[in-house]
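Student: fold the following for me, if possible:
(chains A and B)
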Amino acid sequence: MRDEHARAYWKANVRILTILMSIWFFISFVCGILLADFLDNFRFAGFKLGFWIAQQGSIYVFVILILVYLVLMDRLDAQYTRNKKTGNHIDSDSNNADQKHPPEGQA
Amino acid sequence: MSVQIWTYIFVFLSFSLYIGIAIWSRAGSTNDFYVAGGGVHPLANGMATAADWMSAASFISMAGLISFLGRDGAFYLMGWTGGYVLLALLLAPYLRKFGKFTVPDFIGDRYYSNSARLVAIFCAISVSFVYVCGQMQGAGIVFSRFLEVDITTGVIIGMTIVFFYAVMGGMKGITYTQVAQYCVLIFAYLVPAIFISLMMTGNPIPQLGFGSELTPEYGGGYLLDRLDNLSLDLGFAAYTEGLRPTQDVFFITAALMFGTAGLPHVIIRFFTVPSVRDARKSAAYALVFIAILYTTAPAVAAFAKTNLLNTVDNATYEELPGWFGTWETTQLIQFDDRNDDGMVQYSGDPAVNELTVNRDIMVLANPEIAGLPNWVVALVAAGALAAALSTAAGLLLVISTAVSHDLLKRSLMPGITEKQELLYARLSIFVAILIAGYFGINPPGFVAEVVAFAFGLAAASFFPAIVLGIFYRRMNRQGAISGMLAGFFFTAAYIVYFKFIAPETSNAEHWWFGISPEGIGTLGTFVNTVVALTVNRFYPAPPQDVQDMVEEIRLPN
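Tutor: From the prediction side, this is the model:
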């Protein structure tokens, strides 16, 4: 495979996705549907908890998930770009740095 | 001033705004026409995506659906917002990195095959057509109710406006009008909601209001408790309890999520921003903008239902407020005094019930039911039109790019110049508008039913093909094509059977695993994935350059 940094980047990316998608599944399908009746036993203000998660809470969690994803990916991108610059010798050692076009200089 | 004059003013002002934007943002190249030159700011793209996504159905029908479904209505809310998480995390950044114009572009290039491209074109056009007919019809209803022109005239006015900015500006014109339409529609949705929340609970934030206590004029106590009791008294199910089988709710939610993520008119919006990072950002903006409406909708549903039950139950027909009569003439409310006592009996028991209420009026008539000022009532009309037209334009663009770019340029006539391609793009949008308009005026009886189609089919055809294309490098064309076809036809067959061939057997007893036709797309997605992975084993891995491309789109820059 191509360079190590790219692989590390993709692995980290998939890990972030797995964690966020698990939360996504848990809040909507588990709390909002499967456990909704049980959660309805708990109340706050005029809301039953299961009902509130199904009609309100899950949507707030979705928004937070996408925002967290944005921040994590920004951080990961920055790290990747930095590693590529500082750790360039890894590529030249294995002699395949020129094989592929390096990503064009980002404006 | 009367509601009608206010409506004319709002509709005129908003339409002039859309036309003005169209003139300002004419498209000069195919790049402009297909992806607005690829230079849309993520914030603007977020708004445009939100308007594109929120259709006449979201604006007019959703709160009404929820108010009649109670807690189960959550499958619309979670399904249509949760799908954005899938879109933002699994599709948008990679498709932006891929950097072409359309979904069939991706499918065709990733699966190195023109047959795959043709299958994708077929799916994109059928999904979008089904959807656009509903929008035109929505626009027609609003025109006929609020401006008292007949539906035909209404649809023609709507068609002309969309024609004007879509043909002239392509994606560029559509994007910037959608930004304006988002502002109009969200304002029109929030103003009545805030008014009503304030009136009924004293809390200006509807999201909190429907969990608050009612003001003394409305009898005090928590609103949702009151609604539960009112519903139970009249023989309906308690509002905050689930009625549908759990597995059905589960499957419908999943189908709407996968469908949302697979709808081509939403996906192509992410081709319009300058970079991968902007694609992620604009998905986040889009969901925030959508969430504003989607968290308000259940509050509107609860307010409207409480108000309706309070107003009509056991009232004498004579003393009902004026809106009742207006909506009776449109037949969206029907009252049949079966026991001739001059009173309205509204009941969950069909034997004594005398009132039929169309769910659409829960939003359209809500401000009138709550006795809000005329300008607020009129605002709703402008908002509903903005919602219908923005979605229609986005869908028409998908149809036109599928024809001019994917079908002509990439498959049948690769030799045409950019100028010719642009001409074909405009021509096909024109033809698409005419056909959509025809179905808007002569709605086939099945429009409501076919919405299940659009989502189920998008879920079962595109979603797995795109996700596998990004996350599974070894996926080859044989696997992807057979998966798409299997998913598409499996889902279509199930829906056609229960909706058209044997609708009388469409109940939990006959459904597979208790899954309604609305939820079958989830199983279709599953069928697609399993078939794709199985067939994939029997054929060689994709060529090296395709595998390199997959590696490439996974990286940020």
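
Student: what residues of stretch A:46-66 count as buried?
Tutor: Within stretch A:46-66, the residues that qualify as buried are A:46-59, A:61-63, A:65-66, counting by 16 or more other Cβ atoms under 10 Å in any protein chain shown. C-beta: built from backbone N, CA, C; applies to glycine.

Student: again, but for stretch A:8-17
Tutor: Within stretch A:8-17, the residues scored as buried using 16+ other Cβ under 10 Å are A:9-10, A:12-13, A:16-17.

Student: then stretch B:410-417?
Tutor: Neighbour-count burial for stretch B:410-417 flags B:410-411 (criterion: 16+ other Cβ under 10 Å).

Student: coming back round to it: can you flag which of the buried residues of stretch A:8-17 belong to helices?
Tutor: Here DSSP state H is the test, and these give A:9-10, A:12-13, A:16-17 as lying in helices.

Student: returning to what we had before: chain B next: which of the buried residues of stretch A:8-17 are close?
Tutor: When contact is defined as Cβ under 8 Å from any Cβ of the partner chain, the buried residues of stretch A:8-17 meet chain B at A:9-10, A:13, A:17.

Student: tabulate these in TSV, adding columns for pLDDT and distance to A:Asp40.
Tutor: Output for those, formatted as TSV (pLDDT from 0 to 100; distance: Cβ to Cβ, whole Å):
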residue	pLDDT	distance to A:Asp40
A:Tyr9	88	43
A:Trp10	90	42
A:Asn13	91	37
A:Leu17	93	31
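
Student: re the thing from before, helices - which of the buried residues of stretch A:46-66 land there?
Tutor: Among these, the members found in helices (DSSP H) are A:49-52, A:58-59, A:61-63, A:65-66.

Student: from these, which is closest to B:Tyr112?
Tutor: Nearest to B:Tyr112 among those, counting by Cβ to Cβ, is A:Ile66 at 32.2 Å.

Student: number of residues surrounding B:Glu217?
Tutor: For B:Glu217, the neighbour count with other Cβ atoms under 10 Å in any protein chain shown is 8.

Student: anything in the helix ranked longest in chain B near chain A?
Tutor: Taking DSSP H as the assignment, the helix of chain B that covers the most residues is helix B:151-201. No. Helix B:151-201 stays clear of chain A (Cβ under 8 Å from any Cβ), getting no nearer than 9.0 Å.

Student: so which residues of chain A form strands?
Tutor: A:43-44, A:47-48 (DSSP state E).

Student: could you point out which element follows the lowest-mean-pLDDT helix or strand in chain B?
Tutor: Least confident helix or strand of chain B, by mean pLDDT, DSSP states H and E, is helix B:30-35 with a mean of 75. With elements assigned by DSSP states H and E, the helix or strand that comes after helix B:30-35 is helix B:42-53.

Student: elements contacting that following helix?
Tutor: helix B:151-201, helix B:264-267, helix B:276-312, helix B:374-401 (3 or more Cβ pairs under 8 Å, 6 or more residues apart in numbering or on different chains; DSSP states H and E).

Student: got the angle for the third one vs helix B:151-201?
Tutor: Spelled out, it's helix B:276-312. Here the directions of helix B:276-312 and helix B:151-201 differ by 80 degrees (axes from the mean of the first three to the mean of the last three Cα atoms, to 10 degrees).

Student: tell me, what's the model's pLDDT at B:Ser231?
Tutor: Reported pLDDT at B:Ser231 in the predicted model: 83.

Student: may I have the phi/psi pair for it?
Tutor: Phi and psi for B:Ser231, reported as degrees, to the nearest 10, are phi -60, psi -50.

Student: around the residue nearest to it when sequence neighbours are not counted, count how many other residues there are.
Tutor: Sequence neighbours aside, B:Tyr239 is the residue nearest to B:Ser231 in space, at 5.2 Å (criterion: Cβ to Cβ, 6 or more residues apart in numbering or on different chains). Look at B:Tyr239: counted by other Cβ under 10 Å, it has 28 neighbours.

Student: does B:Tyr239 lie in a helix or a strand, and which?
Tutor: Following DSSP H and E, there is no helix or strand that holds B:Tyr239.

Student: now the residue nearest to B:Val149 when sequence neighbours are not counted: how far from B:Gly20?
Tutor: Spatially, and ignoring its direct neighbours in sequence, B:Val149 is nearest to B:Phe143 (5.7 Å; Cβ to Cβ, 6+ apart). For B:Phe143, the distance to B:Gly20 (Cβ to Cβ, to the nearest Å) stands at 21 Å.

Student: so for these two, which sits in the more crowded spot?
Tutor: With neighbours defined as other Cβ under 10 Å, B:Phe143 and B:Gly20 compare such that B:Phe143 has more, 26 against 14.

Student: show me what contacts the more buried one?
Tutor: By Cβ atoms under 8 Å, 6 or more residues apart in numbering or on different chains, the contact list for B:Phe143 reads B:149, B:151, B:153-155, B:157-158, B:385.

Student: which element, helix or strand, includes it?
Tutor: Here B:Phe143 sits within helix B:114-146, counting by DSSP H and E.

Student: in that helix, what counts as buried?
Tutor: B:116-146.

Student: and chain B, which of the ones in helices among the buried residues of stretch A:46-66 contact it?
Tutor: Counting by Cβ under 8 Å from any Cβ, A:50-52, A:58-59, A:62-63, A:65-66 from these sit close to chain B.

Student: would a markdown table of these with distance to B:Ile515 be doable?
Tutor: As requested, those are exported to a markdown table (distance: Cβ to Cβ, whole Å):
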| residue | distance to B:Ile515 |
| --- | --- |
| A:Gly50 | 22 |
| A:Phe51 | 23 |
| A:Trp52 | 26 |
| A:Ser58 | 21 |
| A:Ile59 | 24 |
| A:Phe62 | 24 |
| A:Val63 | 29 |
| A:Leu65 | 27 |
| A:Ile66 | 29 |
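
Student: enumerate the residues of the stretch 201-350 of chain B near chain A.
Tutor: Residues of the stretch 201-350 of chain B found near chain A (Cβ under 8 Å from any Cβ) are B:207-208, B:210-213, B:222-225, B:240-242, B:246, B:249-250, B:253-254, B:277, B:280-281, B:283-284, B:287-288, B:291, B:294-295, B:298.
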